[in-house]
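# Predicted structure and sequence below. I'll ask about it afterward.
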There are 2 protein chains.
Amino acid sequence: MHPTITRMQEVVAKGDDTKIAEILAEDVTFMPPTYFATWIGRAPVAAVLGHVGQVFSDFKYRRVMGDGHDWALEFQCKIGDLDAVGVDLITLNDDGLIQKFEVVMRPYKTIGALRDAMMTPHFHRSAFPRVPQSAGMTTPDCILGAGPDDTQDAIRRA
Amino acid sequence: MHPTITRMQEVVAKGDDTKIAEILAEDVTFMPPTYFATWIGRAPVAAVLGHVGQVFSDFKYRRVMGDGHDWALEFQCKIGDLDAVGVDLITLNDDGLIQKFEVVMRPYKTIGALRDAMMTPHFHRSAFPRVPQSAGMTTPDCILGAGPDDTQDAIRRA
């Protein structure tokens, strides 16, 4: 097991964005289960993952498969009363940091509940101040809980 | 790479249910991305997977991770005009056949399109005659495109 993958299992479930940031590449990309969109950059991705960790309950990693740069971490959790199963698809870079983090889940209804939970005002207040506007970092295409068409409205409400 | 996983990559994308059936355990369980439900048994699961293979287009397996009994097969595909990424979570039995087949995907919108596509009359006609009512095989909890509450109605319409 790669030490970053071991560490990931310790910190992601707890939703501690500071500890999560330590294992992310500076230009990490994150692709959520809710929308076909990409977040870019350590700070915004850590903020999103931290918030997701707080929305999920009874989170538990199951099987961890992979080697080298390529890993699949199977998990189960609840969102409210709804059960979910998912996989964190991870690509590590040559420094052993997470370069790509893509999340796939089931079932449909629970992903809808996740989308709704990520749209709460709490999320907007906590996540947007962390999005850097400089330092070569790209603003995420959209927030986890909003599609491309909703982004501007979500930012305004934040 | 386990030979069943190699074979799976050859036959699942083509939607050929006869060839898919050959690598499934008799009491295989299948958990779709659309509903939190379980199909049980080689014939109904092969029928569902065969139909899914026809609904997906541009299907391509990406990374394959795992060893022994435990495998994660990352894929990308389209459902209509919508892009999707997913993982086939596989557990093999001691005979090297697929005992458990769970599918997780992203994003939400595309899984909704899959659910709609699985509800077409074509699917009902093709899949239901294959569900055995005897031989010790359990009838699936529900069809891929319908939740538990919809099953009876779906069967009536089939």
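Yep, it's here. Residues are numbered from 1 along each chain as shown, chains lettered A, B, ... in the order given.
# Figure out the helix or strand that the residue most central in space within chain A lives in.
Closest to where the C-alpha atoms of chain A average out (Cα atoms, centre = their mean) is A:Leu49, at 3.7 Å. Secondary structure assigned from DSSP states H and E places A:Leu49 in helix A:42-55.
# can you check A:Phe75 too?
Counting by DSSP H and E, A:Phe75 is found in strand A:70-79.
# Export that strand to PDB, keeping only CA atoms.
The C-alpha trace of strand A:70-79 is given here as PDB (Å, rounded to 0.1, in the frame of the first residue of the first chain):
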ATOM      1  CA  ASP A  70      -3.200   3.900  -9.800                       C
ATOM      2  CA  TRP A  71      -5.700   3.200  -7.000                       C
ATOM      3  CA  ALA A  72      -9.400   2.500  -6.500                       C
ATOM      4  CA  LEU A  73     -10.700   2.900  -3.000                       C
ATOM      5  CA  GLU A  74     -14.200   1.400  -2.500                       C
ATOM      6  CA  PHE A  75     -16.400   2.900   0.200                       C
ATOM      7  CA  GLN A  76     -19.800   2.800   1.700                       C
ATOM      8  CA  CYS A  77     -21.600   5.600   3.500                       C
ATOM      9  CA  LYS A  78     -24.900   7.300   4.200                       C
ATOM     10  CA  ILE A  79     -26.200  10.700   3.100                       C
END
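# Run through the residues of chain A sitting next to chain B.
A:31-37, A:63, A:65-67, A:70-72, A:74, A:82-83, A:85-87, A:89, A:102-112, A:115 (Cβ under 8 Å from any Cβ of the partner chain). For glycine as for every other residue, the C-beta is placed from the backbone atoms N, C-alpha and C.
# Mind checking which of these are buried?
Among the residues of chain A next to chain B, those classed as buried by 16 or more other Cβ atoms under 10 Å in any protein chain shown are A:31-37, A:63, A:65-66, A:70-72, A:74, A:85-87, A:89, A:102-112, A:115.
# Since that was my last question, I'll sign off now.
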